[in-house]
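K.L.:
Can you look at this prediction? I've put the sequence above it.
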Amino acid sequence: MDEGGKMKEAITEVKEDPQELKERKEVVQEEKEGKEVVQGEKDGKEGDLSWVNTFEDLLEVVGTNGRWNILMFIMCVTSVAISPLQTLSYQFLGATPDYWCHIAPLVEANWTDQQILSLAIPYSNSTGKYEGCQMRNYNYTAAALLGYKATMKDPSVVQHGNTTSIIKCSARDFNHSQYSSTVVTEWDLVCERRVLYSTTQAVMEGGKIVAYPIFGYLIDALGRRPIVLVCVVINILAGFLVAASPTVEVYILLKLIVSATDAGTYLGIFVFVMETCAAKYRAAVGCLVAIPWAIGYMITPGIAYLVRPWRWLQFAYALPSLYCIIYFWPASLGKEAAQPIWQEMRRAARNNNQDRSCHA
């Protein structure tokens, strides 16, 4: 059958069934009305944001994968790489070289380190090292007067009594050829004072434990922007002040402040990054945020290799934190004035080429 015949047959069938013809007309009318509704909604979105009821609606207007989102992501995660420089640097700032008891008479007599070790410091066969916290109970003033060679010929002449006892010492000397200056050598954080060295890292972790719930509440109550900026300023100041610490107690206190404010900064950044990406990308973005942190962790020992004195090393670790002051931080989407939020959203929309949808 030719094409014309098929058309005549179809027309005849429709004429023969008025009910089917009516149903077809109703379907066509519904499709036409549906298109008009969709088009009306699109037109309304371009000029009226009254339809925006949820945060996801707002992201749809502004855009979730445009230039603004990418720029904000890069700016935020770059600062994440700075975090390990301060919080995981205690092993390099507090590197512990070989040490032994400080024996003032022999040091004043210009005995070499090896001469002092051979006479005064017991050797441990189990560890293969000299004992760092013990020394032989000799008359070292007499040994200094006799000289090294005479004393080593007959060490019994400087003994107290018939036997040589082992005693503890209250001060140590360090092998500065291994590390020129560290927190440990600066404040003698070995032997009975070793607990203070462990405390330096304990307060770093403790500061984070305390800071996360506190700043978690504050960034929701006061907004991301003010909390992050306050944390950044305090973190920068405390980071540089650590390098000038006069005592180990001040050092520990400043490290606590650095750790707590670093946690506040990181938390605000993480929340902001997760808020400004589409829901379907949030799992991936959460993983991507951790990558710069790992990179910063790998850079930390490299800086320690190049900069040896601990005060200058701390200064080098604190210096990159100045990067954070360049933030022109986007307005928080929390409890802040509505007008600044919409201004920021319009700016984001313009950068994402979505300006027509966000001009109300």
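P.N.:
Looks like it arrived, so ask away.

K.L.:
Contact partners for residue 313?
P.N.:
89, 92-93, 303-304, 307 (C-beta atoms under 8 Å, 6 or more residues apart in numbering). For the C-beta atoms, the positions are set from N, CA and C on the backbone; glycine is no exception.

K.L.:
So for the strand or helix carrying it, mean pLDDT?
P.N.:
In this structure, residue 313 sits in helix 310-318 according to DSSP states H and E. With pLDDT averaged residue by residue, helix 310-318 scores 94.

K.L.:
And stretch 289-299, by the same measure?
P.N.:
Taken as a whole, stretch 289-299 carries a mean pLDDT of 89.

K.L.:
buried stuff in that stretch?
P.N.:
Of the residues in stretch 289-299, those scored as buried under the neighbour-count criterion (16 or more other C-beta atoms under 10 Å) are 289, 292-293, 296, 299.

K.L.:
and what of stretch 267-279?
P.N.:
Residues of stretch 267-279 classed as buried by neighbour count (16+ other C-beta under 10 Å): 267-273, 275-277.

K.L.:
what stretches of this protein score poorly on pLDDT?
P.N.:
1-66, 68, 161-163, 327-360 (pLDDT under 70).

K.L.:
from the buried residues of stretch 289-299, which is closest to residue 141?
P.N.:
For those, the residue nearest residue 141 by C-beta to C-beta is residue 299; the value is 50.2 Å.

K.L.:
And the residue lying closest to residue 316 once chain neighbours are set aside, how close does it get to residue 89?
P.N.:
Among residues not flanking residue 316 along the chain, residue 307 sits closest, at 4.9 Å (C-beta to C-beta, 6 or more residues apart in numbering). In this structure, residue 307 and residue 89 are separated by 11 Å, where distance is defined by C-beta to C-beta, to the nearest Å.

K.L.:
show me where the protein has strands.
P.N.:
Assigned strands in the chain, in chain order: 99-101, 123-124, 129-130, 134-136, 166-168, 172-174 (criterion: DSSP state E).

K.L.:
Just checking the distance from the second one to the centre of its chain.
P.N.:
Translated: strand 123-124. Averaging C-alpha positions (C-alpha atoms, centre = their mean, to the nearest Å) puts strand 123-124 42 Å from its chain's average.

K.L.:
Could you do the fifth one as well?
P.N.:
Strand 166-168 has its C-alpha centroid displaced from the chain centroid by 44 Å (C-alpha atoms, centre = their mean).

K.L.:
Helices - which of the buried residues of stretch 267-279 land there?
P.N.:
Helix and strand membership here follows DSSP state H; of these, those in helices are 267-273, 275.

K.L.:
Just give me the closest of those to residue 196.
P.N.:
Checking those against residue 196 with C-beta to C-beta, the nearest one is residue 267 at 29.0 Å.

K.L.:
Name the nearest residue to that closest one, sequence neighbours excluded.
P.N.:
For residue 267, the closest residue by C-beta to C-beta, 6+ apart turns out to be residue 215, at 5.3 Å.

K.L.:
ok so, going back, let me have the strands of the chain in a markdown table, extended by distance to residue 199.
P.N.:
As requested, those are arranged in a markdown table below (distance: least, C-beta to C-beta, whole Å):
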| stretch | distance to residue 199 |
| --- | --- |
| strand 99-101 | 19 |
| strand 123-124 | 27 |
| strand 129-130 | 25 |
| strand 134-136 | 24 |
| strand 166-168 | 21 |
| strand 172-174 | 18 |
